[in-house]
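Participant: predicted structure and sequence below. I'll ask about it afterward.
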Protein chains: 4
Amino acid sequence: MTGTTSVGSSRSDAVRNRRLLLDAAAEAFAECGVEVSIGEIAQRAGVGKGTVFRHFSSKEELLAAIMLGMLNELVDTGTALLTADDPGLALREFMTAGVEIFVRDRAFCEVIGRPSLQHAQVRDAIDRLCDVAEGLTARARRQGIVRPDITGTDVVLILGGIQHTAAPLLIAEPQAWRRYLELILDGVTTGTGRRLPYPPPSRLPLIDPDPDPGR
Amino acid sequence: MTGTTSVGSSRSDAVRNRRLLLDAAAEAFAECGVEVSIGEIAQRAGVGKGTVFRHFSSKEELLAAIMLGMLNELVDTGTALLTADDPGLALREFMTAGVEIFVRDRAFCEVIGRPSLQHAQVRDAIDRLCDVAEGLTARARRQGIVRPDITGTDVVLILGGIQHTAAPLLIAEPQAWRRYLELILDGVTTGTGRRLPYPPPSRLPLIDPDPDPGR
Amino acid sequence: MTGTTSVGSSRSDAVRNRRLLLDAAAEAFAECGVEVSIGEIAQRAGVGKGTVFRHFSSKEELLAAIMLGMLNELVDTGTALLTADDPGLALREFMTAGVEIFVRDRAFCEVIGRPSLQHAQVRDAIDRLCDVAEGLTARARRQGIVRPDITGTDVVLILGGIQHTAAPLLIAEPQAWRRYLELILDGVTTGTGRRLPYPPPSRLPLIDPDPDPGR
Amino acid sequence: MTGTTSVGSSRSDAVRNRRLLLDAAAEAFAECGVEVSIGEIAQRAGVGKGTVFRHFSSKEELLAAIMLGMLNELVDTGTALLTADDPGLALREFMTAGVEIFVRDRAFCEVIGRPSLQHAQVRDAIDRLCDVAEGLTARARRQGIVRPDITGTDVVLILGGIQHTAAPLLIAEPQAWRRYLELILDGVTTGTGRRLPYPPPSRLPLIDPDPDPGR
DNA sequence: CATGAATGAGAATTCATTCAT
DNA sequence: CATGAATGAATTCTCATTCAT
């Protein structure tokens, strides 16, 4: 009845279900975006809808858990790259990894790009991501590879921008984003030497209230 | 006459209501995106729900009317710039005008970025927009201002990308997008001379069916 | 403005509109049944919806007017047949004319078969129809052509029954009702030995598309 | 097991609700016809509107489930009668059972009489019904009880015709259909000389109130 | 008088969330 | 603990009817 063959260790069942759920939700959110229904997720996980709410108090929480996992992965990737030999290549690899995540995951794009309505933990993870990006950018900057007024936050923001630019092409050409990554890297790295016309953002301004006016 | 879809009654109250409706809908779509409800739009316009459907046979039509208006405006702007003296400045002004529209309007971003399932007229307008952008790009290209492998479609795609890049900043810093426009212009215009790693898109691939898998 | 070429004799306009309206409504009700919308009728008549309500205080009244017209026509037909030479043939001709009306008019079937919710005038017309039918039946009865316990009301009721019996066949075989008219006249079990005038259907023709034109 | 469409949860409360729902829907459809609203059905069943859609994916499905149940019952009745001793009596009993169903159920009349656009299963059931009717008719035909050119499909069509003939009488005289069943069996003009089993109606009983219960 | 614009109740359907089993 | 049944608010859209122009 509980899904295990032996005498229902409810504890391990729960752990297993949580895993199943996270995987299914990740897949569903990636494919369908944040609007995917809890029913769809539960079905993909092979559990009941109630189980979703046992593990995550709301859809919002579930989404946050998934997003956190991806953000942390990217933070880890960036952290590892902080000690790479070639700072320019490291930055490029970080951005490549970043865009790849955006490109694979509709919900990720929607969540990172809509910074209000967000979970505290997700914000913190985005902050950490900006920190790591800043670390990588600073190294490249010191080597003159990157324009002096480009920040880590710029880099994080740009990841989503690249995905979004290529989005209409991605069904037909799943790698099209590489074109725009390269394009912006040219702008980011060398540039014309002119100061950019607008000062860099210090940090992503994550505003609590009014998540979706008019709804 | 003004780009509206239906016949256009000449009765003054109806004309006024239609204007009210278009304005309210434009505002609502701009603020809330395409998911805003007809009820919300009707309320903002100060009319009954039925009145919305009297003027536009479906939510889709209303959205299309608004989007068409904005697309056509931008096409007109671009067309006027085709005969400007300075091709480089013309392209920059076109892109500035373009991003300004994206930045002001959530629905516009959603519609242009998710081009499937769309109204034929909207598609046509997007095509015309790409054509105009190509005209502007070609002129700049011939003068060596723009990389040889940048197309009008690239330019149109990039408009949305810039908006999306700056989106999280826009509440606090409504002009932040200028930073990223400049950044990408550096990439677009001079670049490093390297070929981009991915061939340019010929045209926005507008795919009819199943725009939202998993729903 | 008013539709006339000369100085708007509003009076004759109104008369003309009423005629237009009755014709359009008759056609629309016949094709689509009582559920056809006032908008559809107004459009077919080439007038505004308001005009419908100026001439008929409600949809119900308009429907009643049309139904009355048809009922009266049938009453007249029956009345004329009361003096025909052959009472048996007269009854048969009356029933033929009756079924032809039912067969041509969806709304007529719906209204006559659903006797509640009805207009006093329509009821009166139905009563008169029964009287005429009784006259015809009585003559035939006296000649021994018709069973002694068949009444005019029976005959009227049977008209609708015949239409309804043949209804599923009528799209493919518009004359199929003749089969069932003959059947009920001749009798199923005993019969006269004559072949029925219409071949038997092999199977109910179940047609997929558009079951309800004009909706 | 019993002819329901979906999987059939084993939870007792759900089973009970499904039963409640089917009963309420059957009653509502019977009384009001297919136009009865889901809200009305839900209310009669004492459940929320959502519950209806949990059990049946659309109104169409719910209707089909009910109709199928009735069709199958009638098919079963007919099948059992195929082995009855007296073929003439068997046919009469089949037709009696058939008309009884029509008479009890407005939706049934509407569905069988407007057979386009229908659920595949419902069509199949109607086909099976015609087959059974043909079996019964053939037996009677071989014994010379029935005219040689009457088919099973005729018989099925006639069931609805009888109901429709008697419909205006049924509120006042619920058994009036027996008259018309006998009539069509014996024949109008020739007949067997037996009195019809139900006295003739004096006049169409046109009842004012309650035009369309359940609307 | 004629018009057709506005209205708003009502229909089917979806879905996050709660809770009895 | 897990389940999935029940709920009801919200959404898009239709239409008879009223009324300002």
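Facilitator: Cool, got the structure.
Participant: so where's chain A uncertain?
Facilitator: A:1-11, A:114-118, A:187-215 (pLDDT under 70).
Participant: tell me the SS of the closest residue to DNA strand F within chain A?
Facilitator: At 1.9 Å from DNA strand F, residue A:50 is the closest residue in chain A, using C-beta to the nearest atom of the strand. (Glycine included, C-beta is placed from N, CA and C.) Here residue A:50 is helix, with the state taken from DSSP: H, G, I helix; E, B strand; the rest coil.
Participant: so what's the residue count around it?
Facilitator: By the measure other C-beta atoms under 10 Å in any protein chain shown, the count of residues near residue A:50 is 9.
Participant: quick one, domains of chain A?
Facilitator: Domain segmentation of chain A under automatic domain parsing yields A:8-56, A:59-209.
Participant: the longest one vs DNA strand E: in contact?
Facilitator: Going back to what we said before, that points to domain A:59-209. Yes: using C-beta under 7 Å from any atom of the strand, domain A:59-209 reaches DNA strand E at A:59-60.
Participant: residue contacts, the closest residue to chain D within chain A?
Facilitator: Relative to chain D, the nearest point of chain A is residue A:39 (10.9 Å; C-beta to the nearest C-beta). Contacts for residue A:39 (C-beta atoms under 8 Å, 6 or more residues apart in numbering or on different chains) come out as residue A:49.
Participant: element containing it?
Facilitator: helix A:38-45 (DSSP states H and E).
Participant: what comes up buried for that helix?
Facilitator: A:38, A:40-42, A:44-45 (16 or more other C-beta atoms under 10 Å in any protein chain shown).
Participant: again, but for stretch A:135-152
Facilitator: Under 16+ other C-beta under 10 Å, the buried positions of stretch A:135-152 are A:135-141, A:145-147, A:150-152.
Participant: and stretch A:61-71, by the same measure?
Facilitator: A:62-68, A:70-71.
Participant: out of these, which are inside helices?
Facilitator: A:62-68, A:70-71 (DSSP state H).
Participant: where does residue A:173 land in three-state SS?
Facilitator: Going by three-state DSSP: residue A:173 is coil.
Participant: can you report phi and psi for it?
Facilitator: Per-residue torsions, residue A:173: phi -130, psi 90 (degrees, to the nearest 10).
Participant: what is the neighbour count of it?
Facilitator: 16.
Participant: next, format the buried residues of helix A:38-45 as CSV and append distance to residue C:122.
Facilitator: Shown next, in CSV, are these (distance: C-beta to C-beta, whole Å):
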residue, distance to residue C:122
A:38, 54
A:40, 54
A:41, 58
A:42, 56
A:44, 59
A:45, 61
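Participant: closest to DNA strand E out of those residues?
Facilitator: residue A:38 (3.7 Å).
Participant: tell me the contacts of that closest one?
Facilitator: A:49, A:52-53, A:59 are the contacts of residue A:38 under C-beta under 8 Å, 6+ apart.
Participant: run the last query once more with 10 Å
Facilitator: Residues in contact with residue A:38 (C-beta atoms under 10 Å, 6 or more residues apart in numbering or on different chains) are A:25, A:28, A:49, A:52-53, A:56, A:58-59, A:62.
Participant: and those residues, which of them are buried?
Facilitator: Judged by 16+ other C-beta under 10 Å, buried ones among these: A:25, A:28, A:52, A:56, A:59, A:62.
Participant: greatest separation within those residues: which pair is it?
Facilitator: A:28 and A:56 (13.4 Å; C-beta to C-beta).
Participant: picking that back up, run the chain-centre distance for the helix holding residue A:39.
Facilitator: 22 Å (C-alpha atoms, centre = their mean, to the nearest Å).
Participant: before we move on, what about stretch A:89-102?
Facilitator: With C-alpha atoms, centre = their mean, you get 11 Å for stretch A:89-102.
Participant: can you pull the buried residues of it?
Facilitator: A:90-96, A:98-102.
Participant: just checking, which of these belong to helices?
Facilitator: Using DSSP H, the buried residues of stretch A:89-102 in helices are A:90-96, A:98-102.
Participant: take the residues you listed and write them to CSV, including distance to residue B:183.
Facilitator: Below are those laid out as CSV (distance: C-beta to C-beta, whole Å):
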residue, distance to residue B:183
A:90, 20
A:91, 15
A:92, 16
A:93, 20
A:94, 17
A:95, 13
A:96, 18
A:98, 16
A:99, 16
A:100, 21
A:101, 21
A:102, 18
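Participant: in chain A, which spans are helices?
Facilitator: A:10-32, A:38-45, A:49-55, A:59-81, A:87-104, A:106-113, A:120-142, A:152-166, A:177-189.
Participant: for residue B:163, find the nearest of those helices.
Facilitator: In terms of C-beta to C-beta, the element of the helices of chain A nearest to residue B:163 is helix A:152-166, at 7.9 Å.
Participant: which stretch among the helices of chain A comes nearest residue B:13?
Facilitator: Closest among the helices of chain A, once you apply C-beta to C-beta, is helix A:106-113, at 40.7 Å.
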